[in-house]
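1. Mind looking at a prediction? Sequence and model below.
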Amino acid sequence: MKKIVLVLTIMVACVASSQAINRVESGVIKTINNENVFGRLSAYLNVTDNQAADLKNVIEKTQVQLEKAEKVGDPIAYAKALHYNFAGAANILSASQYAKYRLIVRTTIKNRYQDQFPL
């Protein structure tokens with residue numbers, strides 16, 4: 001009986017920890033990091049070459065941090081990586097550019113959630 005309870009507890013813990021990190025966000029960052037997508041995003045945001053290079057660095061670092069957090073299963077590090085992405089973009093872009101960037105990222109995440117979990 002104790003073994004069954006122990007196995008069930010471990011299963012619940014594994015399911016809970018795997019749902020704490022949702023891979024939708026990292027998929028969106030990975031997509032944005034694609035050269036073609038990033039080029040179109042840069043054109044839409046109308047960024048300078050320096051802004052584009054800095055934003056690319058932030059997105060690449062975010063992707064690395066998200067991958068590390070996923071491997072370890074650390075939801076706090078995962079959330080910090082996402083925060084780093086938005087904070088870095090806010091420091092690089094103008095207010096109007098950042099508003100567009102945030103809207104695109106959040107809308108893409110929302111749409112992917114809806115694709116993953118349709119009503």
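-> Noted; the coordinates are in hand.
2. residue contacts, Lys100?
-> Going by CB atoms under 8 Å, 6 or more residues apart in numbering, Lys100 touches 44-45. (Glycine included, C-beta is placed from N, CA and C.)
3. go on, Val28?
-> Val28 touches 105, 108-109, 112, counting by CB under 8 Å, 6+ apart.
4. can you list the weak-confidence ranges in the chain?
-> Scanning the chain for pLDDT under 70 picks out the ranges 1-20, 116-119.
5. could you point out the longest helix in it?
-> The single longest helix within the chain, with elements called by DSSP state H, is helix 49-72.
6. Any buried residues in that helix, and which?
-> 51-52, 54-56, 58-59, 62-63, 65-66, 69-70 (16 or more other CB atoms under 10 Å).
7. Now do the next helix-or-strand element following it against helix 49-72, angle only.
-> Sequence order places helix 75-92 as the next helix or strand after helix 49-72, per DSSP states H and E. Using axes from the mean of the first three to the mean of the last three CA atoms, to 10 degrees, the inter-axis angle of helix 75-92 relative to helix 49-72 is 180 degrees.
8. Does Thr31 touch Asn111 like I think?
-> No. The criterion here is CB atoms under 8 Å, and Thr31 misses it with Asn111 at 11.5 Å.
9. before we move on, the earlier item: just among the contacts of Val28, which is most surrounded?
-> Val105 (20 neighbours; other CB atoms under 10 Å).
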